[in-house]
Structure formats: structure tokens, C-alpha cells
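[1] Sequence unavailable; structure follows:
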């Protein structure tokens, strides 16, 4: 008995493109940014021209769902593997614009030299060179006459053979008759199996994520407004990064402008703040987890298909309810009050720059916690404090860095059964007991990664506690970070290199302070015993060499702010290893003071 769960049928590229244009096969045009470089498109066309195989495409027909009147409806096919290749074909052969990773709409123009039978990415030099057809899309235009095209080319290149050029252009035009194999997955496969298949076949390519799959499901749905919902998700992410896109939406998508979404999300274009620029994955995670009480996006794919988890059947009523619930989650996500509040909470914890955060999923769950707390009518001040502390705990413990979906799923189910406040207040002290600050955190800080969450939280602590920069009388760490100041080595890098220390040793985070560049330059490569002696002299009325602090009391206060052992001002310059150990202890205690203040 065969266990084959698919059929394989070759189809001409021309047929495939016709299906995409007609909607027979669904490829959401905005759903997944085009990630191929133009040179990869060039190589792809060359493979087709040479008659080389270009791999299979994989399509899956949406499950047949039971409608309310008892009848059934077969779903559209979704292209689950091959979106980038088909988009490359549409961009290069049909001249369709594509959306890049940077949310820019671009046209990919591939040029062709019929004499050399060579493809190249079009550029100004090629466009001026008559030996090239600057855009192959011209060859595939239905209105293009092959005879006129060849005659025009040979007129500009009189040394060429019209017969030879005609044959070459005919061969080029013939690539749309090349066959591509389409693997169609059996429609009775469940979501989990389809997911497993596309993960396996994509292991060497640009793999689709569960969020991509969910976006495909949303985009191809016209019955319950999925196509409009997909635009709301994508446009919000787009506007957060590129506010100027608002004018394009107004000009080019009047249906969306008139929808209920536009006025509720257009405010994001006026926000000059990158502390939380969500991707569509982030939006789906937050909206789905907060509204459905589940953390695994494959469950969202199943629910949008109408899956009844008890009967294993697909029901139209469940699909309708799921789309409506997801829509409520997206509207809650883009709500200006909610979004402003979550970014305010992050800032109030000291995280004033996006690169101080590192874990997008920690923000995502903090937002989920906030939205659930609002739904449970937790008083605003209590909820803000709870979310702040949860976010800080998530950062310090890397709660969502390993298997975020499983942790999201566990946490949201606990919240469902126990409530936001009871759950958070039981987890936080368990994750961060008193011993964390004196035992675990100093050990975690034994790292040279400036992107470690422990250093980021330490910097947030300095911001929150209003610390001044190292040796600064007036300039705060906040000012310095906002002005992208560099970190400075307390034991200068060159001094340590001269003493044989490795990069991993001299770049320990416990050797870093945030300092003004002029102070950094003044210290240079001096040994710490030299410049700390000069600092002691400066504090006793001597020459002012480093910053504007001229008395001992203020200098010691600055040391405390920056977790520098006070004894160093008296000439007790530790061995470098001992210095790092002592400073990690002090940095951990400062981080504790910060956490307690949240």
C-alpha cells in the first residue's frame, strides 16, 4: 500500500505565471519580502535559459471546510515552497515590482546580451550599451513584436547576423515553455505534517517560518477579510520603519484607506522612535497569544483553516471565529494608547534605545502581559510595575531566548488559569531569588559580549538611576547613550594588549564604562596606576586632566555610580583579574538596586 502523500506534475512556466495572476495558486504579494539579490535572479534566468533544472515548487490545497449549511468548500492552493523563485520570474519576466527586506518597492531589471547569450543585472553602463537588451521583460511583453525587436537590435548592431539574433531571442522567449515540477501535497494532510514537510524541504533555502505560513493563510482568505487584515499587519510594520510609505498607501490603496484599520494605525507614521519596530512575526505572536491563549503559531494556522481540535475536522464556523478573534488582537496591538504605553514602560525601566534590548520576544511577551492585564482590569500603576519587572526578569534570565514558542505557550496557559498578577508575582521571585545577585549574576557577567543581556540591563540600571558618565561632572549616561557614545576600557585596551592580554580578556564587560570621548582620549593607553594617581591629584586640587570633577567626595560618588572600587583612588590598583571580579560584584549589586526600583 502506497504511503505517498503527494503528486508531482510538470507545468510550463507560462501556465504557472497565469495561475499566480488569476489566483489559482496564492502567493501573497506583500506577505513575504523578496530576499533574493538581483544577481541571484540573473543566475536563475540563466539556468532556465541553459535548460537546467530549477527545483520543484510545493503547493498545498487548503483543507476542505464544512460550511454552515452543511456543504463543503475546497480551498485555494498555497505555494509553500518556491515563493522566491516564482516572485523572481514575475519580477524579471513580467516587470512586477517587488518589496525588499527594507520595505522598498523596486523593479528588478535583468539585461540580456544576445551576441554573448549572457544575462547581467542592468546598470547605467549596460543601459547605454546597444549590445544589450536592458530589460528582458520587454521580450516577454505580449505586445512586443519579435521581428521589430530583432530588426531594431540589428539596426543598432549592424555587424550582427539577423538570423542568429532571431534564434537567440526566440530561445530566450521560449523559457516560459520550460517545465517546472509542482509537488501537490494531499489536501487531507494535517497542518503539522505540512509544516514538517516545508521545514524539511527548505532546510537548504530561505525557510518559511510559521509566521510566513500564517500570513499566507490570512492573505488568501477573502471570506472573512483576511486579505485586508494581512495588509493591516504588513502596513503597520512598514510604516514603523518607513513613515513616508503612508503617502503611498493613501495614493495606491483606497480600499484600505477606507477600511476600519487605516485610521487606527496611521499614527505610527508620526512616531520617531525605534525602540519597538515590530515585524509581522511579532504582531502575530502578540495578537495570537493574547487573544487565543496559545503560544504556538502552528495552532493559529490550524485555527484559521477552521480546525476543530477535538474532532480533527475543519469547520467554516471555527475559521470565521478565528479570523474575527485575530482581527481583535491586531486592533489591540495597533491601538495607539496600548503601543505608547508598552514603549513608555520599556523606557521607564531604562531601556531607551532599541539596541539595548536584543530580545524582541521579551518585548512581545511584555506586551502580551500588558494586554492581558488590561483585560483583567489590573490597576494601571500596578500593571506597569508588573510588566516592567517581568520584562527585566525576562532579559536577565533569557526566558524567551531558547524555545520561545514553548515558553509563550506555557506562560499564557498559566496566565489563563491563574490570572496575570498571581502568575507574575509567583514566577519573578522564583526566577530571581536573592542568591541570583551575589552568586549567578557575577558569573554571568564573566563575558566579553557587549551585547550580553547582563551588560544591557546594567546600562539600563545606570539610565534609570540617573548615573553620570565615568569621570563626568554633568553629563549623564542617558545623554551619552542617546548620543551613541563609545564604551571606554577602565584598564586601557592598548595597555592590556601590551601586557599580553587577549581580545576576550581586555574586552570583558566588567572593564567597560560609558564615558565622554574626550575623557577616553585623555586617558589613552596609560596604565591604571598612572591615571588613577593623576585623578587623586586632580581631586586634591592638582591639574585638571580628566573631566570636571575636582573634589574627592564627588569623584568617589562618580566611582560608586560606575561601580569602580573606591580603593583605586588611594592607589590600591588591583591585579586585572581581581579588578574584574570586584567590579562584577559591584555591577551585580547595582543591577539589583535597579531591579528593586522597578
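    Everything's here; your move. Note that the coordinates shown come from a computational prediction; the quantities given were computed from them, not determined experimentally.
[2] can you map out the strands along the stretch 451-598 of the chain?
    487-489, 512-514 (DSSP state E, counting those that start in this stretch).
[3] Contacts only, for residue 562.
    By C-beta atoms under 8 Å, 6 or more residues apart in numbering, residue 562 lies in contact with 462, 467, 469, 470, 513. In this view, the C-beta of every residue, glycine as well, is placed from N, C-alpha and C.
[4] Need the per-residue pLDDT for the residue nearest to the second one when sequence neighbours are not counted.
    Nearest residue to residue 467 in three dimensions, chain neighbours excluded: residue 561, at 4.1 Å (C-beta to C-beta, 6 or more residues apart in numbering). Note on residue 561: pLDDT of 97.
[5] which residues are in contact with the helix or strand harbouring residue 49?
    Per DSSP states H and E, residue 49 falls inside helix 38-50. Residues outside helix 38-50 that contact it (C-beta under 8 Å, 6+ apart) are 13, 36, 53-54, 85, 88-89, 91-92, 108, 110, 117-121, 136, 171-172, 175, 178.
[6] helix or strand right after it?
    Moving toward the C-terminus from helix 38-50, the next helix or strand (DSSP H and E) is strand 57-61.
[7] Which stretches in the chain count as strands?
    Along the chain, counting by DSSP state E, strands occupy 6-12, 25-26, 57-61, 65-66, 72-73, 77-81, 98-99, 105-106, 110-113, 118-121, 179-185, 487-489, 512-514.
[8] Of those, which is nearest residue 324?
    strand 65-66 (15.6 Å; C-beta to C-beta).
[9] For the helix holding residue 49, list every residue counted as buried.
    Burial within helix 38-50, assessed by neighbour count using 16 or more other C-beta atoms under 10 Å, is assigned to 38, 41, 42, 44, 45, 46, 47, 48, 49.
[10] what angle separates that helix from strand 179-185?
    Here the directions of helix 38-50 and strand 179-185 differ by 110 degrees (axes from the mean of the first three to the mean of the last three C-alpha atoms, to 10 degrees).
[11] to the chain's geometric centre, what's the distance from helix 38-50?
    28 Å (C-alpha atoms, centre = their mean, to the nearest Å).
[12] Spell out which residues make up each domain of the protein.
    Following automatic domain parsing, one gets these domains for the chain: 6-201, 210-431, 441-597.
[13] ok, of those domains, where does mean pLDDT dip lowest?
    For the domains of the chain, the weakest mean pLDDT is recorded on domain 6-201, namely a mean of 83.
[14] for residue 490, phi and psi?
    phi -60, psi -50 (degrees, to the nearest 10).
[15] quick one on the thing from earlier: now mean neighbour count and distance to residue 158 too, for the strands of the chain, in TSV please.
    Shown next, in TSV, are the strands of the chain (neighbours: other C-beta atoms under 10 Å; distance: least, C-beta to C-beta, whole Å):
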stretch	mean neighbour count	distance to residue 158
strand 6-12	12	36
strand 25-26	22	45
strand 57-61	21	43
strand 65-66	20	63
strand 72-73	12	61
strand 77-81	22	45
strand 98-99	20	37
strand 105-106	12	35
strand 110-113	21	16
strand 118-121	18	20
strand 179-185	18	38
strand 487-489	20	65
strand 512-514	23	68
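[16] Residue 543: neighbour count?
    Using other C-beta atoms under 10 Å, residue 543 is surrounded by 8 other residues.
[17] how far away is the residue nearest to it when sequence neighbours are not counted from residue 545?
    In this structure, residue 543 finds its nearest non-sequential neighbour in residue 537, 6.9 Å apart by C-beta to C-beta, 6+ apart. From residue 537 over to residue 545 the distance is 8 Å, taken as C-beta to C-beta, to the nearest Å.
[18] Also residue 351?
    From residue 351 to residue 545 the distance is 34 Å (C-beta to C-beta).
[19] neighbour-wise, which of those two wins?
    Just comparing residue 351 and residue 545: by other C-beta under 10 Å the higher neighbour count belongs to residue 351, 28 against 14.
[20] List the contacts of the more buried one.
    Counting by C-beta under 8 Å, 6+ apart, residue 351 touches 275, 357, 391, 456, 460, 463.
[21] Residue 170: what's it in contact with?
    Each residue near residue 170 by C-beta under 8 Å, 6+ apart is listed here: residue 146.
[22] Next one: it from residue 177, what distance?
    Taken as C-beta to C-beta, the span from residue 170 to residue 177 is 11 Å.
[23] And for residue 543?
    Using C-beta to C-beta, residue 543 is found at 84 Å from residue 177.
[24] circling back: point out the one among the strands of the chain that comes closest to residue 304.
    Residue 304 sits nearest to strand 65-66 of all these, at 10.6 Å, using C-beta to C-beta.
[25] What residues of the longest helix belonging to the chain count as buried?
    When the chain is parsed with DSSP state H, its longest helix is helix 576-597. When burial is assessed from 16+ other C-beta under 10 Å, helix 576-597 yields the following buried residues: 576, 579-580, 582-588, 590-592, 594-595.
[26] which one of those is nearest residue 410?
    Using C-beta to C-beta, residue 595 is the member of the buried residues of helix 576-597 that sits closest to residue 410, with 23.0 Å.
[27] Verify the contact between that closest one and residue 431 for me.
    No - the criterion here is C-beta atoms under 8 Å, and residue 595 misses it with residue 431 at 11.2 Å.
[28] related to what we said a few turns ago, could you dump the strands of the chain to JSON lines with distance to residue 296?
    Below are the strands of the chain laid out as JSON lines (distance: least, C-beta to C-beta, whole Å):
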{"stretch": "strand 6-12", "distance to residue 296": "25"}
{"stretch": "strand 25-26", "distance to residue 296": "23"}
{"stretch": "strand 57-61", "distance to residue 296": "19"}
{"stretch": "strand 65-66", "distance to residue 296": "21"}
{"stretch": "strand 72-73", "distance to residue 296": "26"}
{"stretch": "strand 77-81", "distance to residue 296": "18"}
{"stretch": "strand 98-99", "distance to residue 296": "27"}
{"stretch": "strand 105-106", "distance to residue 296": "33"}
{"stretch": "strand 110-113", "distance to residue 296": "40"}
{"stretch": "strand 118-121", "distance to residue 296": "41"}
{"stretch": "strand 179-185", "distance to residue 296": "21"}
{"stretch": "strand 487-489", "distance to residue 296": "39"}
{"stretch": "strand 512-514", "distance to residue 296": "39"}
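[29] among those strands, which is nearest residue 313?
    Minimum separation from residue 313 across these (C-beta to C-beta) falls at strand 65-66, 6.7 Å.
[30] Where do the helices of the stretch 251-400 of the chain begin and end?
    Along the stretch 251-400 of the chain, counting by DSSP state H, counting those that start in this stretch, helices occupy 254-257, 262-265, 280-292, 297-304, 316-334, 336-348, 360-375, 380-397.
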